[in-house]
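Novice: I would like to see how this sequence folds:
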Amino acid sequence: MLIVGLCPSSRSLDAPGPRMTETPLSTPASPALRLTRRAAFTLGGVGALLLVILVAVSVGAVAVPLSTVWGVLANQLIPGLVTPDWTEGRAAIVWDIRFPRALLAALVGAGLGITGAALQSVTRNPLADPHLLGISSGGAFGAIAALLHTGLFLGLLTVPLMAFGGALAATLLVLMIARVTQATSADRLVLAGVAVSFIIMAGANILIFLGDPKATHTVVFWMLGGLGLAQWSHLLYPLAVLVPAGLWLWTQAPALNAMSLGDETAASLGIPVARFRLTVFVAGALITGVMVAFSGLIGFVGLMMPHLVRFVAGGDNTRVLPLSALFGAIFLVVADTVARIAMAPEDMPIGVVTGLVGGVFFLWLMARRA
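Specialist: Here you go, the predicted structure:
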C-alpha cells in the first residue's frame, strides 16, 4: 500500500502576512542509514528463517538435540565430516521426515506470501489473497479430481498440473464474472472471488462424496492443510515454480507500484492495465496451484504477510514482495511446528493454526482501519 504524503504549498514571497519559519521535528535518516537498516532487517529475517527451520527439525513427538540436527545435516552434505553418535532412526527422522517438511513449509509460505502481495497491489485491495479470490479453491478442486477420479496419469506431475489448471480456471472465472457484472471496484472483485470460492468448494465436496470412501479421509485431512507427506522428491516442483514466477513478479515491482495508484495512473505510464493484471493473476494461479497440490488449503498467509511487511518496510513492492516471501516462509514453518507439537503424536491440520491466527489478524485489521 503506497502512502503518498502531500505537503502544503509554500507562501509566495509577495504575499502579505508574517513570514513563517519551520523547525523540523526530527532529522530524516540519510539514504545510507536507511539502506543499512533495510539490509539488517533482511539479514535478520534470513537468520530467523534458518533458526526456525532448525528448531522445527529438532522438536516434535521425538525430540532431537540441535547438535544432532547439525551433525546429521553436515554428514549428509559432506559424508564423514562428523563422527555419528546418533541412531539410524534419529538420522531418518531428521533427514527423511522433518527436513523435507520444514523446507516444504518454507516454500509454500514464501509462495503464498509473494502472491498475496502481488494480488493486493494489482487489485488495489488490502484484503486480496489467493484464498479469498478463489484461486486456492480452484487448485484444491483440480487436486481432488486427480487424487480421487482421474488417477496419476502423468505420475507425480498430475496433481500439481491439475491443481494449476483448477486455479487458473477459477482465476479466469472471477475475472469474467467481474467483467460481466461490471465489478470494476476492488471490493466487488474480492466479492466475486469469494462467491466463486464457495461454488468451487461445493463442487469439490461433490467430488469427495463421489470418490472412494477409503481415500476420502486422507483427502479431507489434506484439504485442511497438511505437510506430513513431504518428501525430498516433492520439493523440486514448488521450487521450480516459485523461483521463476517469484523473480518475474519482483521484476514487475515498479508496474505493481503504479497499479496500486489506480488504473488511470498506470495507463498514463504506459502499462497495459488489463493485460498486466491478467498476467499477474496467471502467475499467482501458477504459484498457488502448485503450492496447494503439495500442502492443501492454507489460508491467510497471503493476507497477513504483506501487511506486516508494509508496517516496517514501507509500500515499495521492490521490498514488499521479497520480504513477504521471506516472512511467509518463517510464519508457515512456525505454524507447522505448532501443528505438530500441539496434539503430539497426532498432527493437527496446519490450516487450523493459520485460520486461528489469520482470523484474529483479520479482526485486528478491521478494528485498525475503523
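
Novice: shaky segments in this protein?
Specialist: 1-35, 182-187, 369-370 (pLDDT under 70).

Novice: remind me, longest helix of it?
Specialist: Of all the elements of type helix in the chain, the one with the most residues (DSSP state H) is helix 31-58.

Novice: If you count neighbours, what's buried in that helix?
Specialist: Under the neighbour-count criterion of 16 or more other Cβ atoms under 10 Å, helix 31-58 has G45, A48, L49, V52, I53, L54, A56, V57, S58 buried. Every residue, glycine included, has its C-beta placed from N, CA and C.

Novice: Which elements pack onto that helix?
Specialist: On a contact count with 3 or more Cβ pairs under 8 Å, 6 or more residues apart in numbering; DSSP states H and E, helix 31-58 meets helix 66-77, helix 99-123, helix 301-313, helix 317-342.

Novice: That helix to helix 317-342, inter-axis angle?
Specialist: If you take axes from the mean of the first three to the mean of the last three Cα atoms, to 10 degrees, helix 31-58 sits at 20 degrees to helix 317-342.

Novice: and the angle for helix 31-58 with helix 66-77?
Specialist: Using the same axes, to 10 degrees: helix 31-58 against helix 66-77 is 90 degrees.

Novice: Helix 31-58: how far from the chain's middle?
Specialist: In terms of Cα atoms, centre = their mean, to the nearest Å, the centre of helix 31-58 is found 18 Å from the chain centre.

Novice: next one: stretch 356-365
Specialist: Computed by Cα atoms, centre = their mean, the chain-centroid distance of stretch 356-365 equals 16 Å.

Novice: Can you tell me the centre-most residue of the chain?
Specialist: L112 (1.6 Å; Cα atoms, centre = their mean).

Novice: right, and V273 touches A258 too?
Specialist: No. The pair V273 and A258 fails to qualify as a contact (Cβ atoms under 8 Å) at a distance of 9.3 Å.

Novice: neighbour count winner among those two?
Specialist: When neighbours are counted by other Cβ atoms under 10 Å, V273 and A258 differ, and A258 comes out ahead with 23 against 17.

Novice: Does the more buried one touch E264 like I think?
Specialist: No. Counting by Cβ under 8 Å, A258 does not reach E264; the two are 10.2 Å apart.

Novice: what about G60, helix or strand, and which?
Specialist: Using DSSP states H and E, G60 maps to neither a helix nor a strand.

Novice: ok now do R277, which residues does it touch?
Specialist: Applying Cβ atoms under 8 Å, 6 or more residues apart in numbering to R277 gives the contacts V122, T123, M259.

Novice: which of those lies closest to W248?
Specialist: V122 (13.3 Å; Cβ to Cβ).

Novice: Around that closest one, how many other residues sit close by?
Specialist: 25.

Novice: Is the residue nearest to it when sequence neighbours are not counted within a helix or a strand, and which one?
Specialist: Spatial nearest neighbour of V122, excluding adjacent residues (Cβ to Cβ, 6 or more residues apart in numbering): V280 at 4.6 Å. Assigned by DSSP H and E, V280 falls within helix 273-295.

Novice: Counting neighbours, which bits of that helix end up buried?
Specialist: Within helix 273-295, the residues scored as buried using 16+ other Cβ under 10 Å are 273, 276-277, 279-295.

Novice: Kindly report the same for stretch 196-206.
Specialist: V196, S197, I200, M201, A204.

Novice: With secondary structure and distance to M348 as added columns, please give those in a markdown table.
Specialist: Shown next, in a markdown table, are the buried residues of stretch 196-206 (DSSP: H, G, I helix; E, B strand; the rest coil; distance: Cβ to Cβ, whole Å):
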| residue | secondary structure | distance to M348 |
| --- | --- | --- |
| V196 | helix | 29 |
| S197 | helix | 23 |
| I200 | helix | 25 |
| M201 | helix | 21 |
| A204 | helix | 22 |
